[in-house]
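Visitor: Sequence and computational prediction follow.
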Amino acid sequence: MSDRSSGAGSGHALSRVPQNVAAGLGLVLLGMSGVWAAGDLSRGTLGAMGPGMLPHWVAIGVAACGVLLAATGFVRGGAGLQTFGLRGPIVVVLAILAFAATIRPTALGPITTPGLGLIFAGPLAVILAGYASPEARFRELVILALLLTAGCMLLFGDLLNLPIPLFPIALIEAASGTVSSRVLLRLAAGALALAGLGLLLLLRRSARRGGTDVARHSMTG
């Protein structure tokens, strides 16, 4: 009993509001802000989707999930808000800013960042955001970044045909007239996916070898 009580009281509660309620209200506010931000974009139709269709409905889905989460917290209760570190929010914000500054040319005073497109800005943002957790591992983040970027390129650029910068401006100018943008997109996404899967296989093989070495040492010992 003493161990449980000491473990439960180790965190410093900031409020009696259940964590699920606070998280749900935060998702509702995030969804409402997303709907407002995408209000100026044309949604189009299901047959011809506009640039505002996906952001609008994703924001509505986020808000709906927030309502369900908050309702669950009201009914079941739960632990109150507790203190938290600033590493996670700061790193995630930095990853978002890095993505915004590198996906297309951005003027930062006298300096203009190069437009690297999603193929470079995507992995950069995923890797940076992964270090919000102290348990982050670089190799696993690289694999996740490659696979996620390949999926996003195929989804937003190929299937939905949204006007998102996918490649550096220099590469687009060099490939214009020789390779179609759709073919270049698929080739690049396939290369990223193959690289991610290859690294995943290598990581699993090294983990298996490490496990067999440990087993041999334990048997000989």
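Guide: Received the coordinates, thanks. Numbering: from 1, shown residues only.
Visitor: quick one: secondary structure of residue 65?
Guide: helix (DSSP: H, G, I helix; E, B strand; the rest coil).
Visitor: tell me which element the spatially closest residue to it that is not a sequence neighbour falls in.
Guide: Take residue 65 and drop its neighbours on the chain: the residue closest to it by C-beta to C-beta, 6 or more residues apart in numbering is residue 27, 5.8 Å away. Every residue, glycine included, has its C-beta placed from N, CA and C. Residue 27 is part of helix 19-37, with elements assigned from DSSP states H and E.
Visitor: tell me what that helix is packed against?
Guide: Other helices and strands packing on helix 19-37, by 3 or more C-beta pairs under 8 Å, 6 or more residues apart in numbering; DSSP states H and E, are helix 53-76, strand 80-82.
Visitor: Could you say which helix or strand holds the residue most central in space within the chain?
Guide: In the chain, the C-alpha closest to the average C-alpha coordinate belongs to residue 126, at a distance of 5.7 Å (C-alpha atoms, centre = their mean). Residue 126 is located in helix 118-130, with elements delineated by DSSP H and E.
Visitor: rewinding a little: of all the helices and strands packed on helix 19-37, which lies closest to residue 168?
Guide: Set against residue 168 and scored by C-beta to C-beta, the helices and strands packed on helix 19-37 come closest in helix 53-76, at 24.1 Å.
Visitor: Could I get the buried residue list for the closest one?
Guide: By 16 or more other C-beta atoms under 10 Å, the buried positions in helix 53-76 come out as 53, 54, 55, 56, 59, 62, 63, 65, 66, 69, 70, 73.
Visitor: Could I get the pLDDT score of residue 92?
Guide: With respect to pLDDT, residue 92 has a value of 92.
Visitor: For it, what is the enclosing helix or strand?
Guide: For residue 92, the secondary-structure element it belongs to, assigned by DSSP H and E, is helix 87-102.
Visitor: Mind listing what's buried along the longest helix belonging to the chain?
Guide: The helix spanning the most residues in the chain, taking DSSP state H as the definition, is helix 181-220. Buried residues in helix 181-220, counting neighbours by 16+ other C-beta under 10 Å, are found at 184, 185, 188, 189, 192, 193, 196, 199, 200.
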